[in-house]
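*Asks:* Curious how this folds, go ahead:
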Amino acid sequence: MQESGLVLVIVLLAIYLAAFGGNKNKRVLDPASGQWTVVEVNKFLDIENLVLVAKDASFIAIMAVGMTAVIVLGGIDLSVGSIYALAALVGAMALRALQSQWLDVAYDSPSLSSDGGAPAWAAILVGIGVCCLVGGMCGAVNGALVVGLRVHPFVITLGTMTVLRGAVAVTTQGLSVSGFPGSFSTGFFKAEVAGVYPVPVIVMCVVAILGHFILTRTVIGRRTFAIGGNETAAGYAGVPVGRVKVVMYSLMGVLAGLSASVYLGYLGAASPDAGQGYELSVIAAAVIGGASLSGGRGSALGAVLGAILVQLIDNAIIILEGDQNYNKIIMGTAIVVAVVLDQMKTRFTPRGR
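*Replies:* Below is the predicted model of the structure:
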């Protein structure tokens with residue numbers, strides 16, 4: 001099973017990093033004396049490092065679930081990083097406007113807000129809602145262009161990737177957008193529980209479970225696999241191919257928007273270069289997770305494990321003090337190896353299985 005193999009690789013890599021990654025000095029507060037002391041901790045097993053890996057993996061994994069659905073369909077989406085950036089930008093602008101408006105209201109009626117910030121329910125609704133709406137609209141445009149123009153999705157999404165990235169650059173003029181309600185960031189997405197920030201990982205797990213359910217237990221999931229397996233046969237069987245494609249590309253966009261909202265809440269600002277190069281990481285996570293670029297095969301759970309492995313590889317380069325420039329080389333090599341192994345598996349699997 002693909003997922004069990006990925007789990008084994010992740011465990012072995014984690015053991016290797018824990019054993020050979022070395023130690024580092026870290027300042028910690030001694031609860032008994034109330035003084036700061038320096039202790040030696042394992043570089044990989046340090047809680048701050050593990051939280052960083054989990055947080056970075058969650059951004060990629062949320063989108064990788066949607067990318068898996070698109071790849072299963074027989075498509076590809078190169079615009080995912082640009083959709084992520086645009087959704088983050090518009091969401092940040094909406095949150096800043098909400099904060100500004102709420103401050104004006106709170107000034108006139110101080111009893112409405114004890115800290116002068118928008119309440120959590122409003123900030124979360126606006127932040128997540130706007131990001132997902134923008135992402136979904138961009139995904140729907142991708143799907144409509146792929147279906148309507150009958151052009152390969154590689155070309156369509158390459159074009160929209162450039163257009164959306166340009167729109168972000170023109171709008172921001174190279175400046176970050178901040179000024180969010182504290183209830184959206186430190187009050188929710190970066191809420192601390194037992195010394196860690198679990199919300200991004202929780203969102204990742206929920207998306208993985210829902211993605212697995214949709215792909216394996218719903219009609220549209222079965223139709224997605226049918227189209228990826230043989231689009232012509234699926235059409236003759238009565239599957240609404242065009243509609244399913246638009247829905248899946250829209251879902252990809254929604255998940256990019258959701259990931260962008262998590263990014264906004266965790267970092268508290270939208271950077272103009274947000275999502276730069278995420279296309280490679282997201283596709284790598286989906287392909288390493290078992291999605292076949294020829295369509296018809298993939299797993300939401302495998303996509304999440306693939307994202308974790310991608311971030312572990314990146315973390316390994318840092319811990320082992322390697323050159324960060326090798327990261328892209330490793331990611332590209334991993335994609336090629338995964339595709340070659342998939343082709344070999346397909347070639348040697350008996351027909352009819």
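
*Asks:* Give me the buried positions along the helix or strand of the chain with the lowest mean pLDDT.
*Replies:* The least trusted helix or strand in the chain, going by mean pLDDT, DSSP states H and E, turns out to be helix 326-348, with a mean of 76. Neighbour counts over helix 326-348 (16 or more other Cβ atoms under 10 Å) mark 327, 330-331, 334-335, 338, 342 as buried. The way it works is simple: take the backbone N, C-alpha and C, and place the C-beta from them, glycine included.

*Asks:* Residue 194: which of the residues you listed is nearest?
*Replies:* Taking Cβ to Cβ as the measure, residue 194 lies nearest residue 327 of the buried residues of helix 326-348, at 31.0 Å.

*Asks:* quick one: that closest one and residue 281, what's the gap?
*Replies:* Taking Cβ to Cβ, to the nearest Å as the measure, residue 327 falls 10 Å from residue 281.

*Asks:* How far away from the center of its chain is the least confident helix or strand of the chain?
*Replies:* The chain centre lies 21 Å from the centre of helix 326-348; the measure is Cα atoms, centre = their mean, to the nearest Å.

*Asks:* Repeat that for stretch 170-181.
*Replies:* Using Cα atoms, centre = their mean, the offset of stretch 170-181 from its chain centre is 21 Å.

*Asks:* ends of that stretch, how far apart?
*Replies:* 25 Å (Cα to Cα, to the nearest Å).

*Asks:* Show the average pLDDT along that stretch.
*Replies:* When pLDDT is averaged along stretch 170-181, the result is 85.

*Asks:* Mind jotting down where the strands sit in the stretch 151-300 of the chain?
*Replies:* With DSSP state E, counting those that start in this stretch as the criterion, the stretch 151-300 of the chain has no strands.

*Asks:* which intervals of it have sub-threshold pLDDT?
*Replies:* Regions of the stretch 151-300 of the chain meeting the criterion pLDDT under 70 are absent.

*Asks:* In CSV, list the C-alpha atoms belonging to the least confident helix or strand of the chain.
*Replies:* Only the C-alpha atoms of helix 326-348 are listed here, as CSV (Å, rounded to 0.1, in the frame of the first residue of the first chain):
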residue,chain,number,x,y,z
TYR,A,326,20.0,21.6,-3.6
ASN,A,327,16.4,21.6,-2.4
LYS,A,328,14.8,22.2,-5.8
ILE,A,329,17.2,19.6,-7.3
ILE,A,330,16.0,17.0,-4.8
MET,A,331,12.3,17.9,-5.4
GLY,A,332,12.6,17.7,-9.1
THR,A,333,14.5,14.4,-8.9
ALA,A,334,11.8,13.1,-6.5
ILE,A,335,9.1,13.9,-9.1
VAL,A,336,11.0,12.2,-11.9
VAL,A,337,11.7,9.1,-9.8
ALA,A,338,8.0,8.9,-8.6
VAL,A,339,6.8,9.2,-12.2
VAL,A,340,9.2,6.5,-13.4
LEU,A,341,8.2,4.1,-10.6
ASP,A,342,4.5,4.8,-11.5
GLN,A,343,5.1,4.0,-15.1
MET,A,344,7.0,0.8,-14.2
LYS,A,345,4.2,-0.2,-11.9
THR,A,346,1.6,0.4,-14.6
ARG,A,347,3.7,-1.5,-17.2
PHE,A,348,4.2,-4.6,-15.1
